[in-house]
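Enquirer: sequence first, then the predicted structure, then my questions.
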Amino acid sequence: MSETISSFLTQDHRDCDEMFANLENIVASENWIEVEKVFESFSNDLQHHFNMEEKVMFPKFEEKTGMTQGPTAMMRMEHQQMLQILSQMNEDISKKQKDHFFGLSETLMMIMQQHNMKEEQMLYRMADSHLSTDVLFVVSEMKELKRA
Ligand SMILES: [Fe+2]
Ligand SMILES: [Fe+2]
């Protein structure tokens, strides 16, 4: 079976989740030098995922469906919310505030799980069906998008 928007972006959610779990483990161990490296990886992965959606997939979806104030607008807003929390987590790391960090990371985890579920169960499926013949092109454009 060939790759779809759903399969490609869903796998990327799993990869981000894995990096997030690594980050929580390393913060728990209070190895602050490693924490900074893993935070940077997680943060880059997440930003890159959002960029693949916001710069490639969402605009294509909006163009095809004419829906600019629908699910993609909602998802963009939630990305901003998550990035906000991420930057607060970064502050906690620089101050070595482990307990406060875990409060935030729990919140991020909840928002991210709900966000990803909405994308996987609704938006990605809609995208695969509306973009139909452009699916492979959109996936390859997402793959080509440079990382920070
Ligand atoms: Fe998203
Ligand atoms: Fe996503």
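Expert: That came in fine, so what should we check first? Numbers count the residues shown, from 1 in each chain. Ligands and ions are numbered 1, 2, ... in the order given.
Enquirer: all helices for this protein, in order.
Expert: 5-28, 32-51, 58-65, 71-94, 98-118, 124-131, 135-144 (DSSP state H).
Enquirer: which residues of the protein lie near ligand 1?
Expert: 53, 75 (Cβ under 5 Å from the ion). (C-beta placed from N, C-alpha, C; glycine too.)
Enquirer: residue ranges in the chain under the pLDDT threshold?
Expert: Residues of the chain meeting the criterion pLDDT under 70: 1, 148.
Enquirer: ok, back up a step: just put the helices of the chain in a markdown table and tack on mean neighbour count.
Expert: Shown next, in a markdown table, are these (neighbours: other Cβ atoms under 10 Å):
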| stretch | mean neighbour count |
| --- | --- |
| helix 5-28 | 16 |
| helix 32-51 | 16 |
| helix 58-65 | 17 |
| helix 71-94 | 15 |
| helix 98-118 | 15 |
| helix 124-131 | 18 |
| helix 135-144 | 16 |
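Enquirer: distance check, residue 36 against ligand 1.
Expert: Distance of residue 36 to ligand 1, given as Cβ to the ion, to the nearest Å: 25 Å.
Enquirer: no, scratch that, I was asking about residue 41
Expert: 19 Å.
Enquirer: go ahead and confirm that residue touches residue 18.
Expert: No: using Cβ atoms under 8 Å, residue 41 is not in contact with residue 18; the gap is 10.6 Å.
Enquirer: list the contacts for the closest residue to residue 6 other than its chain neighbours?
Expert: Leaving aside its chain neighbours, residue 6 sits nearest to residue 124 (4.1 Å; criterion: Cβ to Cβ, 6 or more residues apart in numbering). By Cβ atoms under 8 Å, 6 or more residues apart in numbering, the contact list for residue 124 reads 4-6, 9-10.
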